[in-house]
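Visitor: just a sequence and a predicted model for now, questions to come.
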Amino acid sequence: MIVSVASLILYAAVVIERLFTGYGWSALWDRDILEFFLIGVLLFGVGLIGEYVGRIYQQVRERPRYLIQAILERRD
């Protein structure tokens, strides 16, 4: 997400420069900025899917969350 936000800030800077100067940076920057934005979104999506797969894997193993090793005090 940091890559995506940084690319959006950079794109805003390019648009503002083009508005004030009329010329601006080359069109190559537009493609690079778009690529960085999409890569950031893609990495975020892959990480999110990885979190879901990891949690599902933990649940499928059907192991208890904790094991009681010993009962120290017993009330009868």
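Guide: That came through fine.

Visitor: check which helix or strand the residue nearest the centre of the chain maps to.
Guide: For the chain, the residue lying nearest the average C-alpha position, counting by Cα atoms, centre = their mean, turns out to be Phe44 (2.6 Å). Using DSSP states H and E, the secondary-structure element containing Phe44 is helix 28-60.

Visitor: so how far is that helix from its chain's centroid?
Guide: On the basis of Cα atoms, centre = their mean, to the nearest Å, the separation between the geometric centre of helix 28-60 and that of its chain is 5 Å.

Visitor: report all helices and strands that it contacts.
Guide: With contacts taken as 3 or more Cβ pairs under 8 Å, 6 or more residues apart in numbering; DSSP states H and E, helix 28-60 sits against helix 2-21. Every C-beta, even on glycine, is put in place using the N, C-alpha and C of the backbone.

Visitor: angle of the helix it packs on against helix 28-60?
Guide: If you take axes from the mean of the first three to the mean of the last three Cα atoms, to 10 degrees, helix 2-21 sits at 160 degrees to helix 28-60.

Visitor: in terms of secondary structure, what does helix 2-21 contact?
Guide: Packed next to helix 2-21, using 3+ Cβ pairs under 8 Å, 6+ apart, are helix 28-60.

Visitor: any regions of the protein where pLDDT drops low?
Guide: Applying pLDDT under 70 to the chain picks out residues 22-29, 76.

Visitor: repeat the analysis, applying 90 as the threshold.
Guide: Confidence mapping of the chain against pLDDT under 90 gives the ranges 1-41, 55-76.

Visitor: return the residues in contact with the closest residue to Val41 other than its chain neighbours.
Guide: Take Val41 and drop its neighbours on the chain: the residue closest to it by Cβ to Cβ, 6 or more residues apart in numbering is Ser4, 5.5 Å away. Under the criterion of Cβ atoms under 8 Å, 6 or more residues apart in numbering, the neighbours of Ser4 are Phe36, Phe37, Gly40, Val41, Phe44.

Visitor: the fourth one: neighbour count?
Guide: Each residue near Val41 was counted by other Cβ atoms under 10 Å, and the total is 14.

Visitor: check the gap between it and Pro64 for me.
Guide: Separation of Val41 from Pro64 (Cβ to Cβ, to the nearest Å): 38 Å.

Visitor: alright, I will stop here.
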